[in-house]
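quick check, what structure comes out for this input:
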Amino acid sequence: MSVIKRNGNSSPAFPSIFDDFFSREFFNWGNSNFSPTSTTVPAVNIKESADDFKVEVAAPGMEKKDFNITLNGNQLTISSAKQFEETKKEESYTRREFSYQSFTRTFQLPKDVVDAERIMATYENGLLNLTIPKREEAKQKGPKQISIN
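Okay, here's the model as predicted:
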């Protein structure tokens, strides 16, 4: 059976609900939290204020030591690799499960805006938080009042 998209609207009371449903990318996992290799990557929120950028990375089950954060020029890279192993004291076992989790996220920061020396990172309750301060010259300043002589 194949799905055929109809453009005609047979009933004005029901606007093309099926057309809308089938045109959305509900099953396109590439646009979600999956990398091209079908491994999950953590969701990221980035907020910008006048003074800094805040980056939040959802990475539950990790530890501080699992992260590697680098800034190369204006390219911020957050990566992690963790190996989970269920270990038992028995010499021989009939089942042993391994699990590996890794990701890399790279972001381009605005050029000549970031104060690289003051970047701070914390990890708490499954959330990696980065505070990336802006350089004084790059901060938006309020309107300047010009006096009339």
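
OK, contacts around residue 135?
Contacts for residue 135 (Cβ atoms under 8 Å, 6 or more residues apart in numbering) come out as 112, 113, 114, 115. Where you see a C-beta, it was placed from the backbone N, CA and C, and this is true even at glycine.

ok, and the most crowded of these?
Sorting the contacts of residue 135 by how many neighbours each has (other Cβ atoms under 10 Å) puts residue 114 first, at 21 neighbours.

so which of the contacts of residue 135 comes closest to residue 41?
Set against residue 41, the nearest of the contacts of residue 135 by Cβ to Cβ is residue 114 (22.7 Å).

could you find the closest non-adjacent residue to the closest one?
Spatial nearest neighbour of residue 114, excluding adjacent residues (Cβ to Cβ, 6 or more residues apart in numbering): residue 132 at 5.5 Å.

over to residue 41?
Nearest one to residue 41, counting by Cβ to Cβ, 6+ apart, is residue 103 at 4.5 Å.
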